[in-house]
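Student: 3D model of this:
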Amino acid sequence: MDSQHSLLSAAMQTGSPGARRFLVLFLPHWPTDYLKRRDPQLGGPLVLYEPVKGGLRLAEVDAEAMRLGLSAGQNLADARAMVPGLTVREMDRPQLEAAFADFADWHSNASPLVAVMNEVSGFGNLVLDITGVAHLFGGERPMLRLLLTRLRDLGYTVAGAIAPTIGAAWGISHFARSQVVEAGDLENILDALPVHALRLTPVQIAGLTQMGLKTIGQLRPRPRKPLQARFGLSLLTRLDQAYGMVEERMTPRLPPAERYAERRFADPIGLMDDVLMTCHDLAIQLAIRLEAEGQGGQAFHLFLYRVDHKVMTLSVNSARLTRDPQHITKLFANRSERLEGEYHAGFGIDMIRLAVSSVSELDAVQLGAFSHQGVAEDLDQLSDRMSSRLGTMAVLKTQLVASHIPEQAARLVPALAANDALRDAGWPVPPRPLRLLPMPERVAINAEVPDGLPASMIWRRDSYKIEKASGPERLGAEWWRSGQRLQLVPPRPPKKGETPPYIPNLPQFDPEAGTRDYFVVEDATGRRFWIFRQGFHRAGEPAVWYLHGFFA
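Tutor: Modelled structure (predicted):
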């Protein structure tokens, strides 16, 4: 016990490097409080019921119903007999869980790391990692007081606690008064709490009660192996997590943004013009930080926190890394034009946060007095703005594909997703026509010799006399893409006593089937065509010719 106590004290030293702080908010009557806030005409006492095993049982009760002796798990008929004026509603658990998830996102205005404690319930318990952010509120106690006060002003019953571990903050918020717990006081406070504060199962709690273990302080000195044998490893895990012996990780609702800038308003704002002006100021702050770190971003997110605990999110993407505040602001301005009637500030916006993700290294560029930005960068910015205004799939761009078959060597993709890696690789590119037909069209060719240069061509019932021709450029079939496979192991009869190997019946690849000989030809009027001969000329079989494209 002494060694465990010394290890715990060393691990939980206040101010030690890497020490974390967590804030847990407990809203015991959140479902009923939420429904009352959404429908002011809904009075109390209010209960929510669910069908359970063929009967109707109370799932949630408000504070007034609880004072009248009702509790979760009671039969609905018994509850109505006890309280004649009871207000009853059927519980929509998925809708309440979705609403609580939005409610959790709103709390990211206090900390970027917010999670719903789903292992306890889909609603009612929030955990915030406030490491390094409490000073923005004047300290941990003012921060806790602010969060509790604003929720109570909204009509919610709430308790909260700040502690070095998630388990400790949860237990204290549920079974002690709202408070801030320092690392040095953690043991004394946790030891006095009931075993229910460890987030145990009802079966585990009943077993501990039968053993006479009512508080955590009575449980902690007990031998661990017998406890594990009777109650499972989860009991010891919860105990160690509460005291900081085992790390407990949270899963944030929103992806954590390491780089962001934010602004809080004394008086809420509502106009989109004000939002965009603030976005520009935040983009400048973010650009200064990114430039100092030599970084740039491709994804930018604007979070608008409304005073009625809702969050609106706008996200834009850039085709290439950027930290230009003007460009970032224009992306959001174009994105806002697509919102039309969807934007609604409610009772006002009291905080705006601009975050960046998909961050990579971006070297600084020094511009001279007579220099200008590259044309490629201007085109990318134009594509970004058009995609933001019209939609991602409305602006497409040609992307090269690693294929030497002309009709398969390019495809259309969203401009924001285009990758020019193949174009920038410096590979030699043979002459290609400016315009390709969607599919090669068959033509009739007259040649002086079977495998010689064409002398005339008939395409779409028009005849063209060929004056000049060059070629051929031979392109082989991509057999590895065609679905055909080679016979890698030639079949042979097994020897005596030998187990025959498995030889799949694979079709043989015909190298002549997809071979093309391309020619550049010019007619008497100067028009230039790109034609090819499919396969090789065989005796008695005329060659098959196709027209594939046109040169300028």
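Student: Give me the nearest residue to Ser463, chain neighbours excluded.
Tutor: Ser456 (6.4 Å; CB to CB, 6 or more residues apart in numbering). Just so you know, the C-beta spots here come from the backbone N, C-alpha and C atoms, and that holds for glycine as well.
Student: Now do the contacts for that neighbour.
Tutor: By CB atoms under 8 Å, 6 or more residues apart in numbering, the contact list for Ser456 reads Ile445, Asn446, Ser463, Tyr464, Lys465, Ile466.
Student: Are we agreed that it is in a strand?
Tutor: Yes - under DSSP: H, G, I helix; E, B strand; the rest coil, Ser456 sits within a strand.
Student: can you tell me how far it sits from Pro325?
Tutor: To Pro325, Ser456 is 63 Å away according to CB to CB, to the nearest Å.
Student: Check Leu128 too.
Tutor: Separation of Leu128 from Pro325 (CB to CB): 30 Å.
Student: out of the two, which sits in the busier spot?
Tutor: Leu128 (27 against 20; other CB atoms under 10 Å).
Student: What strands line up against the helix or strand hosting the more buried one, and which way round?
Tutor: Element membership of Leu128, judged by DSSP states H and E, is strand 125-129. Its sheet considered, strand 125-129 pairs with strand 22-26 (antiparallel), strand 114-116 (antiparallel) by DSSP bridges.
Student: who touches the longest one?
Tutor: Counting contacts by CB under 8 Å, 6+ apart, the residues outside strand 22-26 that touch it are 107, 111, 117, 124-130, 143-144, 147-148, 151, 158-166, 169-170, 172-174, 250.
Student: now do stretch 432-440
Tutor: Here stretch 432-440 makes contact (CB under 8 Å, 6+ apart) with Pro406, Glu407, Arg528, Trp530, Phe532, Tyr546, Leu547, His548, Gly549, Phe550, Phe551, Ala552.
Student: Just put these in CSV and tack on secondary structure.
Tutor: Below are the contacts of stretch 432-440 laid out as CSV (three-state DSSP):
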residue, secondary structure
Pro406, helix
Glu407, helix
Arg528, strand
Trp530, strand
Phe532, strand
Tyr546, strand
Leu547, strand
His548, strand
Gly549, strand
Phe550, strand
Phe551, coil
Ala552, coil
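Student: which among those end up buried?
Tutor: Using 16 or more other CB atoms under 10 Å as the burial test, the contacts of stretch 432-440 include Pro406, Trp530, Phe532, Tyr546, Leu547, His548, Gly549 as buried.
Student: ok, Glu262 touching Met351?
Tutor: Yes - if you go by CB atoms under 8 Å, Glu262 and Met351 touch, sitting 6.4 Å apart.
Student: Between these two, which contacts overlap?
Tutor: Asn109.
Student: So which of the two has more stuff around it?
Tutor: Per other CB under 10 Å, whichever of Glu262 and Met351 has more neighbours is Met351, with 21 against 17.
Student: related to what we said a few turns ago, which of the strands paired with strand 125-129 is buried the deepest?
Tutor: Mean neighbour counts were compared across those using mean count of other CB atoms under 10 Å; the top stretch is strand 22-26, at a mean of 25.
Student: helices or strands up against the strand or helix carrying His301?
Tutor: When elements are assigned from DSSP H and E, His301 belongs to strand 295-306. The helices and strands touching strand 295-306, judged by 3 or more CB pairs under 8 Å, 6 or more residues apart in numbering; DSSP states H and E, are strand 259-269, helix 272-293, strand 311-322, helix 325-337, strand 349-361.
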